[in-house]
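Student: 3D model of this:
(2 chains)
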Amino acid sequence: MSQLVVQDDYKVQLEIFEGPLDLLLYLIKRDELDIYNIPIESVTTQYMEYLSVMKLLDLNIAGEFIVMAATLMMIKSRMLLPVDERPDLEEEEEDPRWELVWQLIEYKKFKEAAAHLQQREYMQENIFGRGAEPQVSVEPEPGVGLGDVSIFDLIAAFNETFKRVKVVEFGEIVDDRYTVVDKIEHILGTIRERQQVPFSRLFADVASRYEIICTFLALLELIRLRQVEAHQEGDFGEIVIGKTAEG
Amino acid sequence: METQVELKQVLGAIIFAARQPLTVGAMRKILQETAQECGEEATAFATARESDIKEALGRLRTECEERRPGFDLVESAEGFRFQSDPSAGLWVRHMLDVGKPTRLSRPALETLAIIAYRQPIARAEIEGVRGVTVDHVLRMLMEMQLIKIVGRSELPGRPMLYGTTQVFLEHFGLKSVKDLPGIGELARMDAQRTKAGAAEPAPAAEAPAGGAAPAATEGGESQ
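Tutor: Numbers count the residues shown, from 1 in each chain, chains lettered A, B, ... in the order given. As a prediction, this is how the structure comes out:
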């Protein structure tokens, strides 16, 4: 599936500010894994799956994702060896996962601290005082339209749709193809009509995998341009696409 | 105006009328200067100590909390001021016509949190924690004046060190960085790490906002 070259016509520049640690924490949370005892085998498999989807979409994948993939592979292979046969690495703990676990835990703490800051921010935006400074003028930030949805939620939703659609891809001729630009207009039209659309609805009548990819890239681009916003009902719930205030 | 005016009232009045937040020191100065200039009944509070003022402010604050008149007395980074009740935010926002609030994205908040808890901190260390490059986010936070360069590290290349600003405190309604929850815990993790990684005696884990350029990035933060 990786030979599908999609973005000839329209390169989506959605920068991904989440990194490999975010993806790992996302997988751990989603599957309710014990962070101290990560099943490296299955986590690695899933990590690689996300990576391949991101490659398929030709997103700007940070080099760190590749480095982490290598790290996971190394840990996996070391886990396979009995303790006394592992080649000695400097300052390695008994469990090859420890370094990574420690990094994840520390990062998680900061994620929690960030969530606390966010609460304060929401509270503070409703407070006005005498002699109040004008509030921080925030440039529309890239990626803000993601709301509570992480890029990995979107990729997961995409992947699910992508796998479900069984299409006869081979017989098709490269002619009546859709473009990301068409799909952008289509999504905007739908949102204008209904205000809100479930993610799955956007893909309800797609005919080919190519079309799914175009639609998804169009969606990412609209999120980047802050024309639409993604929301999610609860953790890992259905993703809903809606209008932004300025859109 | 015959009845005795209380310190609490005077303080409430000057904070109310002030155009910006007032510190306890500033209030004390106002009380002294007024006594010198006006004499008479104004001398009543000329000798008020800072502790008296704080105590009176405390009572004023409690009264606001109990009566909920739509505003609270709050001490921010710059001093005391009255501010509107957050539960009435919708209406105040509409009246002031301030539009939809702008909010920071999660990556921006995470980067900011790391800087706030570990400042002064070099970019490489932030990246070590987040596991991705943060150039773009740092530039944006600098533009928004939420962070600033506070010095240079002694490490090779003398990388710049970042810290949070007054604007940061205001944006999140903090009095000081020390008010951040769990600041001790996040610093302690760092110390443990140093112990485990570098096998050196960990320095006292206090004062994350301390002097410039501790060798903060040593403990094997790389991936």
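
Student: going by C-alpha atoms from here, please, whenever you check contacts or count neighbours.
Tutor: OK.

Student: which parts of chain A are strands?
Tutor: A:196-198, A:228-232, A:239-243 (DSSP state E).

Student: pick the most deeply packed of these.
Tutor: strand A:228-232 (a mean of 24; mean count of other Cα atoms under 10 Å in any protein chain shown).

Student: quick check, the top helix by length along chain A touching chain B?
Tutor: Counting residues, the longest helix in chain A under DSSP state H turns out to be helix A:98-124. Yes - using Cα under 8 Å from any Cα of the partner chain, we find that helix A:98-124 touches chain B at A:103, A:106-107, A:109-111, A:113-115, A:117-118, A:120-124.

Student: buried ones in the host helix or strand of residue B:36?
Tutor: Using DSSP states H and E, residue B:36 maps to helix B:24-38. The neighbour-count check on helix B:24-38 (16 or more other Cα atoms under 10 Å in any protein chain shown) flags B:24, B:27, B:28, B:30, B:31, B:32, B:34, B:35 as buried.

Student: can I get these in CSV with pLDDT and distance to residue B:75?
Tutor: Formatted as CSV, the buried residues of helix B:24-38 follow (pLDDT from 0 to 100; distance: Cα to Cα, whole Å):
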residue, pLDDT, distance to residue B:75
B:24, 93, 10
B:27, 93, 13
B:28, 93, 16
B:30, 92, 18
B:31, 91, 19
B:32, 90, 22
B:34, 90, 23
B:35, 88, 25
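
Student: which two from those end up farthest apart in space?
Tutor: By the measure Cα to Cα, B:24 and B:35 form the most distant pair in these, at 16.8 Å.

Student: can you pull out the low-pLDDT segments for the chain?
Tutor: In the absence of a named chain, this looks at chain A. A:1-15, A:85-93, A:131-148, A:166-177, A:245-247 (pLDDT under 70).

Student: wait, chain B was what I had in mind.
Tutor: When residues are selected by pLDDT under 70, those of chain B lie in B:1-3, B:184, B:187-223.

Student: can you give the contact residues for the helix ranked longest in chain B?
Tutor: As assigned by DSSP H, the longest helix anywhere in chain B is helix B:50-67. The contact list for helix B:50-67 (Cα atoms under 8 Å, 6 or more residues apart in numbering or on different chains) reads B:7, B:8, B:11, B:12, B:24, B:25, B:28, B:71, B:72, B:73, B:74.

Student: among the residues you listed, the buried ones, what's the ChimeraX command?
Tutor: With 16+ other Cα under 10 Å as the criterion, this ChimeraX line picks the buried residues out of these:
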select /B:7,8,11,12,24,28,71,72,73,74
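
Student: and which of the contacts of helix B:50-67 is nearest residue A:22?
Tutor: Using Cα to Cα, the contacts of helix B:50-67 come closest to residue A:22 at residue B:74, 36.6 Å.

Student: pretty sure the closest one belongs to a helix, no?
Tutor: No - counting by DSSP: H, G, I helix; E, B strand; the rest coil, residue B:74 is not part of a helix but strand.

Student: need the contact list for it.
Tutor: B:61, B:80, B:81, B:82, B:83.

Student: and it, bridged to which residues?
Tutor: Taking DSSP bridges as the rule, residue B:74 bridges to residue B:81.

Student: what ranges does the chain have for its helices?
Tutor: All of this refers to chain A. Going by DSSP H, chain A shows helices at A:20-30, A:40-56, A:63-80, A:98-124, A:151-164, A:180-194, A:199-202, A:209-224.

Student: sorry, I should have been clearer: chain B.
Tutor: B:7-17, B:24-38, B:50-67, B:89-96, B:106-118, B:123-130, B:135-143, B:166-171, B:183-198.

Student: so what touches the fifth one?
Tutor: So the one you mean is helix B:106-118. Counting by Cα under 8 Å, 6+ apart, A:17-18, A:110-111, A:113-115, A:117-118, B:121, B:126, B:129-130, B:134, B:137-138, B:141, B:147, B:162-164, B:177, B:180, B:183, B:186-187, B:208-209 sit against helix B:106-118.

Student: rewinding a little: what residues sit buried inside the longest helix of chain B?
Tutor: B:52, B:53, B:56, B:57, B:60, B:61, B:64.

Student: tell me the domain ranges of the chain?
Tutor: You didn't say which chain, so I picked chain A. A:13-137, A:141-247 (automatic domain parsing).

Student: meant chain B, my bad for not saying
Tutor: Using automatic domain parsing, chain B is parsed into the domains B:7-87, B:106-198.

Student: can you say which of these is packed in most?
Tutor: By mean count of other Cα under 10 Å, the domains of chain B have domain B:106-198 as the most buried, with a mean of 19.

Student: that one: how far from the chain's middle?
Tutor: 15 Å (Cα atoms, centre = their mean, to the nearest Å).

Student: got a list of what residue 158 touches?
Tutor: Went with chain A since none was named. Residue A:158 touches residue A:216, counting by Cα under 8 Å, 6+ apart.

Student: I was thinking of chain B, sorry if that wasn't clear
Tutor: residue B:152.

Student: against chain A, how distant is it?
Tutor: 24 Å (Cα to the nearest Cα, to the nearest Å).

Student: so what does that residue have for phi and psi?
Tutor: The phi/psi pair for residue B:158 (degrees, to the nearest 10) reads phi 40, psi 60.

Student: what about residue A:194, neighbour count?
Tutor: For residue A:194, the count of nearby residues is 10 (other Cα atoms under 10 Å in any protein chain shown).

Student: distance check, it against residue A:221.
Tutor: Residue A:194 sits 20 Å away from residue A:221, going by Cα to Cα, to the nearest Å.

Student: and residue A:119, by the same measure?
Tutor: Distance from residue A:119 to residue A:221, by Cα to Cα: 28 Å.

Student: the more surrounded of the two?
Tutor: Using other Cα under 10 Å, the more surrounded residue of residue A:119 and residue A:221 is residue A:221, with 22 against 12.
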